[in-house]
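Novice: Please find the sequence and the predicted model below.
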There are 4 protein chains.
Amino acid sequence: MKRKGERTRERILEVAAQLFWKRSYHGVNMNEIASAAAVNKASLYQYFPSKEQLALATIAHNASATGDWVFERSFAATSDPMERLSLIYQRVYETTKAAFDADGLCPGCPFVNIGVEMATDNILVREAVNEAFRAFGEYYLRIVRDLDAGRAGTDGGAAPYLDEDFAVDFLLSNMNGAMVASKLQNRPEAILDGFRTARKFLEAVAPAS
Amino acid sequence: MKRKGERTRERILEVAAQLFWKRSYHGVNMNEIASAAAVNKASLYQYFPSKEQLALATIAHNASATGDWVFERSFAATSDPMERLSLIYQRVYETTKAAFDADGLCPGCPFVNIGVEMATDNILVREAVNEAFRAFGEYYLRIVRDLDAGRAGTDGGAAPYLDEDFAVDFLLSNMNGAMVASKLQNRPEAILDGFRTARKFLEAVAPAS
Amino acid sequence: MKRKGERTRERILEVAAQLFWKRSYHGVNMNEIASAAAVNKASLYQYFPSKEQLALATIAHNASATGDWVFERSFAATSDPMERLSLIYQRVYETTKAAFDADGLCPGCPFVNIGVEMATDNILVREAVNEAFRAFGEYYLRIVRDLDAGRAGTDGGAAPYLDEDFAVDFLLSNMNGAMVASKLQNRPEAILDGFRTARKFLEAVAPAS
Amino acid sequence: MKRKGERTRERILEVAAQLFWKRSYHGVNMNEIASAAAVNKASLYQYFPSKEQLALATIAHNASATGDWVFERSFAATSDPMERLSLIYQRVYETTKAAFDADGLCPGCPFVNIGVEMATDNILVREAVNEAFRAFGEYYLRIVRDLDAGRAGTDGGAAPYLDEDFAVDFLLSNMNGAMVASKLQNRPEAILDGFRTARKFLEAVAPAS
DNA sequence: GATGAATGAGGCTTCATTCAT
DNA sequence: CATGAATGAAGCCTCATTCAT
């Protein structure tokens, strides 16, 4: 069981992660974070020495939460690689849809958002975001390999993905493109469109690459 | 020959577009824009009534410049659709590479950047960005149709793109994903990777869709 | 017939007088005055070297206009002192009512307004306002004396106003109080109430003072 | 004993009330208020969210202070209505005289000043000022009624004030006129003149109205 | 002489952060 | 340690005024 301080720290982290995600880094100030987390501002600074550090911590927090909630959960639900991919997009869609229904706005991707906002300002943020994507890439890699293996099993000798890294990069980039689209068009379904693209790409293109 | 005020206005617009692009909306202040444009801050405000309006104007300015510099130029250079697409990515890559060589940073996409930074704050920005993408979509649509026509000519009856809109959305989203990747990874070549993806997708996937 | 420059000058004066009256000195800027008067801002400064000078000129202008429109006209309409006073309040009321109907706001007294706003800042304004009131006092003095004369004639020996100056000051102050009330309560009729007070005071009090 | 923040808030309020009174709303800036109150500008904004809100708070503060210092004190000093009225004007005169001796300027009425300066700009200010006057009207009403009662007792049947509201409005307006006069003429004694007027009016006119 | 363009100074407000109890 | 209070730096914007053609 966690100590009080630890719970406070997590509360701050969750609140800050939400706010940064939905309202951007510059769109939220430390006052709001403190009051939303129901901590004194001075206490906030005891847990996180600066807004920047808090932002970095939220990126790690989001990475971990997304790893669990989106990827692990999808992997646990089925062993079929394409279904796993489908579930991943499904989870993301649902989260986005819930936010959209609640606030009328698609919040986009918490990593892309803060990365794009701050990349040219703050190298640490960029690296933290890349780190998160690297972790997600591991999951995509398993999907790509499993698809490959499935194919190999099927026709007993089909060409493997010439470049698994390329396929992983595509999946990462495709999700980001879909999240950006959902945010800019304010249309949660753009994420589902992204899945269609990914599926077609993997089914038709990648093996032949 | 343009009037003096007009030239000043354009100078401001270009300077602001550059700065917002490379340093984000919140990362730049009106003082910097004024001094980079070599105008007094008060003059700035005679041409643009607020920072927000200036940002909106830079989006339109960028849309027009990108339309000319990237799309029109690529379309003028060749009539082959896939070569046109290649040139588009090439132009974008070159611009990004030049910025990278100059500043050590990939600036990303001016539309995605400001759109992602401000979408949840400012609906006008979101709409202006969407408007830009809509215009770019027209060019992609021509490419998709020409590809289709070429294919029909080639094998005398291949399946057309079941959904041209879907292909256009893919192209838009793919470019955005690639630009985001180039920015977050600080690697201009991510844009060229994006072209590989696009080509494969169009060659293999889309017709069969 | 007036020269063009002279007419421009008067147009500026009238426009500025209106704006200062209805929106206060600090509430109006030189841009608005220039564009409302349809003159270039640089031209404005050729006619009036500063906002302060323009304000001073509007006070003189208003004094003259009020002298004509309110006092002279009322004096020309009748020779009965109390009727004259009544007409004075009537004119003021009508002007206020018209403004109220047009803008929904009672503008108050142009002299009190600017005097109160600027008295502690600008001695010239205070003096200009006092000068205007001194001129109006002349009219009130005639009314007071005529009332006195009438009374003397009536009962052949009633006490004259012990202090005509006191009565004049009362009339000036009473009008100001009424104008202030009309503005603060946004109620044009406060001016008519002012007349009731003035009449009663003059009829009952002053002679006995 | 009050908490520190509370004391700071009151210090700001008093300082701001003084400055707005003596130098007008637009004549004072937030920097001056902050340094006169010996607080950082940011602290100022923690207590009052805007200059406008600060001004509104000073109006309420002045209303309360005037209620106590001028009206309550005068009512506590004697039960004779005319003496009470005299004391009211006396207090006001003394305050004005002190300011005049200190700064060489009659500051006028804090309510009329800000009301006249801002009424056409800011409805809240107008209402706050009216609210103050409504409160003062209560005191005047008691005076008017007491005078009436006194008279009834004296001659056992004199006419009461036909319209107490009218008499109250007169008293309010008369004080305002006197304050305006004192400010514009820069002559504290104008306030004492105002009392002479009020006394005469009440003694001679009102009962017979 | 009229006009489009320019400008220095300053105003209100907000922010991330730290002090002091 | 938790909290109310404080703060320096900066940001957006506006103003009266002047220059230059």
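Specialist: Yep, that arrived.
Novice: Residue of chain A nearest chain B, please.
Specialist: Residue of chain A nearest chain B, by CB to the nearest CB: A:Gly177 (3.2 Å). For glycine as for every other residue, the C-beta is placed from the backbone atoms N, C-alpha and C.
Novice: contacting residues for that residue?
Specialist: By CB atoms under 8 Å, 6 or more residues apart in numbering or on different chains, the contact set of A:Gly177 is A:194, B:173-178, B:180.
Novice: Please narrow those residues to those residing in helices.
Specialist: Of these, the ones assigned to helices by DSSP state H are A:194, B:173-178, B:180.
Novice: Mind putting the residues you listed into TSV with distance to DNA strand E and pLDDT?
Specialist: Shown next, in TSV, are those (distance: CB to the nearest atom of the strand, whole Å; pLDDT from 0 to 100):
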residue	distance to DNA strand E	pLDDT
A:Gly194	32	96
B:Ser173	31	96
B:Asn174	34	97
B:Met175	32	98
B:Asn176	28	97
B:Gly177	29	97
B:Ala178	31	97
B:Val180	24	98
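Novice: By residue count, what's the longest helix in chain A?
Specialist: Longest helix in chain A, counting by DSSP H: helix A:123-155.
Novice: anything in the lowest-mean-pLDDT helix or strand in chain A near DNA strand E?
Specialist: For chain A, counting by mean pLDDT, DSSP states H and E, helix A:123-155 ranks last in confidence among helices and strands (a mean of 89). No: Helix A:123-155 does not reach DNA strand E (CB under 7 Å from any atom of the strand); its nearest approach is 13.0 Å.
Novice: So for that helix, what gets flagged as buried?
Specialist: Using 16 or more other CB atoms under 10 Å in any protein chain shown as the test for burial, helix A:123-155 gives A:125-130, A:132-133, A:136-137, A:139-140, A:143-148, A:151.
Novice: How about stretch A:179-199?
Specialist: Quick answer for stretch A:179-199 (16+ other CB under 10 Å): A:179-186, A:188-198.
Novice: check contacts around A:Arg73.
Specialist: A:87, A:91.
Novice: how close does it get to DNA strand E?
Specialist: 33 Å (CB to the nearest atom of the strand, to the nearest Å).
Novice: now A:Tyr89
Specialist: A:Tyr89 is 33 Å from DNA strand E, by CB to the nearest atom of the strand.
Novice: ok, now A:Val129?
Specialist: 19 Å.
Novice: now do A:Thr96
Specialist: 25 Å.
Novice: And the pLDDT at the spatially closest residue to that residue that is not a sequence neighbour?
Specialist: Nearest residue to A:Thr96, sequence neighbours excluded (CB to CB, 6 or more residues apart in numbering or on different chains): A:Pro188, at 4.7 Å. Note for A:Pro188: predicted pLDDT of 98.
Novice: Could you check how far whatever residue of chain A ends up closest to DNA strand F is from A:Met30?
Specialist: Residue of chain A nearest DNA strand F, by CB to the nearest atom of the strand: A:Ala42 (3.0 Å). As judged by CB to CB, to the nearest Å, A:Ala42 and A:Met30 stand 11 Å apart.
Novice: which SS state does A:Val28 fall under?
Specialist: Under DSSP: H, G, I helix; E, B strand; the rest coil, A:Val28 falls in the coil class.
Novice: which bits of chain A sit near DNA strand F?
Specialist: A:4-5, A:39-43, A:46.
Novice: Please check these and keep the buried ones.
Specialist: In the residues of chain A next to DNA strand F, the ones that pass as buried (16+ other CB under 10 Å) are A:Val39.
Novice: Between all of the residues of chain A next to DNA strand F, which two are at the greatest distance?
Specialist: Across those, the longest distance by CB to CB is 18.3 Å; it joins A:Lys4 and A:Lys41.
Novice: Give me the pLDDT for whichever residue of chain A sits closest to chain D.
Specialist: For chain A, the residue closest to chain D is A:Asn31, as judged by CB to the nearest CB, at 10.1 Å. Note on A:Asn31: pLDDT of 95.
Novice: Contacts only, for it.
Specialist: Per CB under 8 Å, 6+ apart, neighbours of A:Asn31: A:Lys41.
Novice: same thing but 6 Å
Specialist: With contact set as CB atoms under 6 Å, 6 or more residues apart in numbering or on different chains, A:Asn31 has no partners.
Novice: Pull the distance from the one helix or strand it maps to to the chain's centre.
Specialist: Using DSSP states H and E, A:Asn31 maps to helix A:30-36. Offset of helix A:30-36 from its chain centre (CA atoms, centre = their mean, to the nearest Å): 24 Å.
Novice: outside of the following helix or strand past it, which residues touch it?
Specialist: As assigned by DSSP H and E, the chain's next helix or strand after helix A:30-36 is helix A:41-47. Under the criterion CB under 6 Å, 6+ apart, residues A:9, A:12, A:34 lie in contact with helix A:41-47.
Novice: ranking these by neighbours, who comes first?
Specialist: A:Ile12 (23 neighbours; other CB atoms under 10 Å in any protein chain shown).
Novice: Spell out which helix or strand contains that one, please.
Specialist: A:Ile12 belongs to helix A:4-23, assigned by DSSP H and E.
Novice: by contact count, what packs against that helix?
Specialist: helix A:51-66 (3 or more CB pairs under 6 Å, 6 or more residues apart in numbering or on different chains; DSSP states H and E).
Novice: For the following helix or strand past the helix it packs on, buried residues please.
Specialist: Note on helix A:51-66: by DSSP H and E, the next helix or strand toward the C-terminus is helix A:73-77. Neighbour-count burial for helix A:73-77 flags A:74-75 (criterion: 16+ other CB under 10 Å).
Novice: Can I get helix A:73-77 in CSV? Just the C-alpha atoms.
Specialist: Taking Å, rounded to 0.1, in the frame of the first residue of the first chain, the C-alpha atoms of helix A:73-77 are listed here in CSV:
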residue,chain,number,x,y,z
ARG,A,73,-4.7,-5.3,-23.0
SER,A,74,-5.0,-5.8,-26.7
PHE,A,75,-2.3,-8.4,-26.7
ALA,A,76,-3.9,-10.2,-23.8
ALA,A,77,-7.3,-10.4,-25.6
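Novice: Report the mean confidence score over the helix or strand following it.
Specialist: Per DSSP H and E, the first helix or strand lying C-terminal to helix A:73-77 is helix A:81-103. Averaged across helix A:81-103, pLDDT comes to 97.
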